[in-house]
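*Asks:* Predicted model, plus sequence, below.
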Amino acid sequence: NIHPDIIRTLKEIGVPRLYSHQALAIKTLLKRSPVRHVVCTTSTSSGKSLIYTVPLLSALLENRDARAFLLFPTKALAHDQLQTITHLLTATLGKEAAGYVQTFDGDADAEKRAAAMSSGRVVVTNPDILHC
């Protein structure tokens, strides 16, 4: 079940209902079983990001200790997703979401990287930085 606050947010941003691939994948990811793997291949701009974002938001709402480390193949995609996730979190949680999402990339100095790893609830990065 998707948290009512997330459903409200989705409607507010223009997603009145999920596509079938989104609904099935999200249902699988929200199950309380230990093994929850999903592979989804669809065309560009078909809503794949919501497949991981909705369960992520759900986990953040349900568990104050929940954290996520999101690895994207490129810095540009990481920053694009950072904006989307920040928008959804802010729309769902309001001011409480401030500081939840942080970047860990080559543009962040050592202090910002340390802060992201110690206090970021959602840390967004790309493979180029993982060697640091």
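*Replies:* Perfect, thanks for sending it. Only a predicted model underlies this, so the values are computations on that prediction, with no experimental measurement involved.
*Asks:* can you tell me which helix in the chain is longest?
*Replies:* Scanning the chain for the helix with the most residues, using DSSP state H, yields helix 75-93.
*Asks:* Mind jotting down where the helices sit in this protein?
*Replies:* Taking DSSP H as the criterion, the chain carries its helices at 4-12, 20-30, 48-62, 75-93, 110-119.
*Asks:* What residues of the longest helix of the chain count as buried?
*Replies:* Within helix 75-93, the residues scored as buried using 16 or more other C-beta atoms under 10 Å are 75, 78-79, 81-82, 85-86, 88-93. Using the backbone N, CA and C atoms, a C-beta is placed for each residue, glycine as well.
*Asks:* Then stretch 51-69?
*Replies:* For stretch 51-69, burial by neighbour count (16+ other C-beta under 10 Å) applies to 51-61, 68.
*Asks:* Farthest-apart pair in these, please.
*Replies:* Farthest pair in the buried residues of stretch 51-69 (C-beta to C-beta) is I51 and L61. Separation: 17.1 Å.
*Asks:* before we move on, the earlier item: now render the helices of the chain as CSV, adding distance to T125 and mean pLDDT.
*Replies:* Supplementary listing: those in CSV, determined by distance: least, C-beta to C-beta, whole Å; pLDDT from 0 to 100:
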stretch, distance to T125, mean pLDDT
helix 4-12, 24, 93
helix 20-30, 21, 91
helix 48-62, 15, 91
helix 75-93, 6, 89
helix 110-119, 8, 87
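*Asks:* Tell me how far the nearest residue to G47 once chain neighbours are set aside lies from E111.
*Replies:* Nearest residue to G47, sequence neighbours excluded (C-beta to C-beta, 6 or more residues apart in numbering): Q22, at 5.3 Å. In this view, Q22 and E111 are 38 Å apart by C-beta to C-beta, to the nearest Å.
*Asks:* center of this structure, which residue is that?
*Replies:* By C-alpha atoms, centre = their mean, the chain has its centre lying nearest to T53, at 4.0 Å.
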